[in-house]
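[1] sharing a sequence plus its predicted fold:
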Amino acid sequence: MSYCLAIDIGASSGRHLLCELAHGKLQMEEVYRFENGMKEENGTLTWDIDSLFENVVEGIRRCNALGKIPSTVAIDTWGVDYILLDQNGKEILPCVAYRDSRTAGVPEEVFGIISQEKLYEKTGIQRQNYNTIFQLYCDKKDGKLAHATDFLLMPEYLSYKLTGVKKHEYTICSTTGLLNAESKTWDLDIVDALGFDRALFGEICPPCTAVGNFSEEIKKAIGFDCTVVLAPAHDTAAAVAACLVDEKSVFISSGTWSLVGTENLSPVTTPAAMQANLANEGGIDYRYRFLKNIMGMWLFQSIRKNLNKAYTYDEMMHMAEASSFTEQIDPTNEAFLAPDSMIKAIRTYLGKPELPLGDLLSSVYHSLAASYASTVKELEVIADKTIDTVCIVGGGCKDEYLNRLTAKYTGKRVSAGPVECTATGNILAQLMYLDPSLTLMQAREIVKSTYGDSIKYYESFPAIIKKGGT
């Protein structure tokens, strides 16, 4: 048997999924799962990169224990966050998490050097305080950048730790705000203007290429050798690679974030796109994910954490369904990025300090569906497309109430699934590496063959659920 291993790491958890291709279908098996999350360190939100890498290695080791040795492995993670290395290859810590408040006010400082309009024209990336460009500018101001000789985004760093080889990958680099949208390479004019060292920004490789084999140290620790491949290293890029989208559909990659967008063959960097705060992020096969970031399941995750996990997500969904409260919040508002209490933040935003839990949850549901609808309308106008279907993929597509509301608010047909879209896109890239003749369209046919019968459909009027067909 020939296996591929997808290591899919999100902001709250990570999974190792072994996969083999049999009779034109993917057969996926979860072999390891671990928790991930930010921690506060001296008032700063950080990532525990030692724990992350230990879990990466442990999950690979489990494959050996099962007697199922993968021929390739690839890692995808969230975007924008990175690790700096010094001249001795030692990590310059802490590894600050994107939700940390250190970048407050920094975009305005950067725009004083390069205007927001010029940055968008060059990169096509939406303004978010946590963008890599602003984080690096913080490191420059703090003197941290002066000691760095290497800069690796999170999945690049983890791949380096497995192989000893440092390589940049296109889709994850596209989240930084430092990549030129047209040339698909680092924009050195921006790098120079902000006083960053050009030596930090090495060659960028496309997905479906190799990083290298395990280092001797890793081979000894795990018990076998394997080729580390660059999947779409950005989790959303991996998800969209496995999403069954076409010219008349938009995707919603629904997880901690809801990424609402469409797939284009060229970037859209018009003033209208900038005003709508839409991003042109890189995808597999050098396609563009023209999208907006909306705080998605993070809202529910945070509420549940505030409640000490007293309720399941299904129980929270039923509370919302039972409520008639429809006042809305703005899910893109920075008040919800990393509050001490999400429940308090929502009540404060709505001006209702005693708002019952069911009504609060209902507000979040309606707010997300309404924000999806407004983004779909923006995409139709700015990308000049007629949209008839919204394809929801990822863990959030299991929420049937949100799917029904999305159909209602958008007035579009909604498809939900596959759930394991990110890991599937990661696997597809490995298959395309192993067989260079395999095209993206052919790879998506494998997705259709594997998951087609499990995809659910929701019609907008009325919201009738259909399964496995049109």
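    It's in.
[2] use CA for all of it now, contacts and neighbours both
    Will do.
[3] adjacent strands (with direction) for whatever helix or strand residue 5 lives in?
    Using DSSP states H and E, residue 5 sits within strand 3-9. Paired strands of strand 3-9, with direction, are strand 13-22 (antiparallel), strand 70-76 (parallel) (DSSP bridges).
[4] can you get me a residue count around residue 158?
    Neighbourhood size, residue 158 [other Cα atoms under 10 Å]: 23.
[5] so what's it up against?
    53, 75 (Cα atoms under 8 Å, 6 or more residues apart in numbering).
[6] nearest residue to the residue of the chain most remote from its centre in space, please, no chain neighbours.
    Going by Cα atoms, centre = their mean, the residue of the chain most distant from its centre is residue 354, 34.0 Å out. Distance criterion Cα to Cα, 6 or more residues apart in numbering; nearest residue to residue 354, sequence neighbours excluded, is residue 347 at 7.3 Å.
[7] now name the helix or strand holding that neighbour.
    Using DSSP H and E, residue 347 falls in helix 342-350.
[8] now the element after that helix, going C-ward?
    Following helix 342-350 toward the C-terminus (DSSP H and E): helix 357-382.
[9] list the contacts of residue 392.
    251, 252, 253, 254, 403, 414, 415, 416, 417.
[10] where in this structure is pLDDT low?
    Low-confidence segments of the chain, defined by pLDDT under 70: 1, 461-470.
[11] outline the domain layout of it.
    3-233, 243-417+439-470 (automatic domain parsing).
[12] please enumerate the strands of the stretch 201-350 of the chain.
    204-205, 209-213, 227-230, 249-254, 257-264, 279-282, 288-295 (DSSP state E, counting those that start in this stretch).
[13] can you put those strands in CSV and add distance to residue 21?
    As requested, these are exported to CSV (distance: least, Cα to Cα, whole Å):
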stretch, distance to residue 21
strand 204-205, 26
strand 209-213, 19
strand 227-230, 17
strand 249-254, 24
strand 257-264, 26
strand 279-282, 26
strand 288-295, 27
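[14] would TSV of those with mean neighbour count and distance to residue 319 be doable?
    Converted to TSV, these look like this (neighbours: other Cα atoms under 10 Å; distance: least, Cα to Cα, whole Å):
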stretch	mean neighbour count	distance to residue 319
strand 204-205	18	47
strand 209-213	20	47
strand 227-230	25	42
strand 249-254	27	21
strand 257-264	24	22
strand 279-282	28	34
strand 288-295	25	20
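[15] looking at these, which is nearest to residue 451?
    strand 249-254 (16.2 Å; Cα to Cα).
[16] which residues touch the closest one?
    236, 239-240, 243, 245, 258-263, 296-297, 376, 387-397.
[17] now the residues you listed: which count as buried?
    236, 239-240, 243, 245, 258-263, 296-297, 376, 387, 389-397 (16 or more other Cα atoms under 10 Å).
[18] looking at the residues you listed, which are in helices?
    236, 239, 240, 297, 376 (DSSP state H).
[19] what number of residues lie near the closest residue to the second one other than its chain neighbours?
    Taking Cα to Cα, 6+ apart, and ignoring the residues beside it in sequence, residue 239 has residue 422 as its nearest neighbour in space, at 3.8 Å. Using other Cα under 10 Å, the number of residues around residue 422 comes to 31.
[20] for residue 341, same thing?
    14.
[21] contacting residues for it?
    Residue 341 sits in contact with 302, 303, 306, where contact means Cα under 8 Å, 6+ apart.
[22] got phi/psi on the residue farthest from the centre of the chain?
    Taking degrees, to the nearest 10, you get phi -110, psi 20 for the backbone angles of residue 354.
[23] that one contacts residue 344, correct?
    No - using Cα atoms under 8 Å, residue 354 is not in contact with residue 344, being 9.4 Å away.
[24] the strands in the stretch 351-470 of the chain, which residues?
    Counting by DSSP E, counting those that start in this stretch, the strands of the stretch 351-470 of the chain are 389-393, 413-416, 456-458, 465-467.
[25] just checking, what packs against the second one?
    Spelled out, it's strand 413-416. Packing contacts for strand 413-416, counted by 3 or more Cα pairs under 8 Å, 6 or more residues apart in numbering; DSSP states H and E, involve strand 389-393, helix 400-410, strand 456-458.
[26] and the ones you listed, which is most packed in?
    strand 389-393 (a mean of 28; mean count of other Cα atoms under 10 Å).
[27] and the angle for that one with strand 257-264?
    130 degrees (axes from the mean of the first three to the mean of the last three Cα atoms, to 10 degrees).
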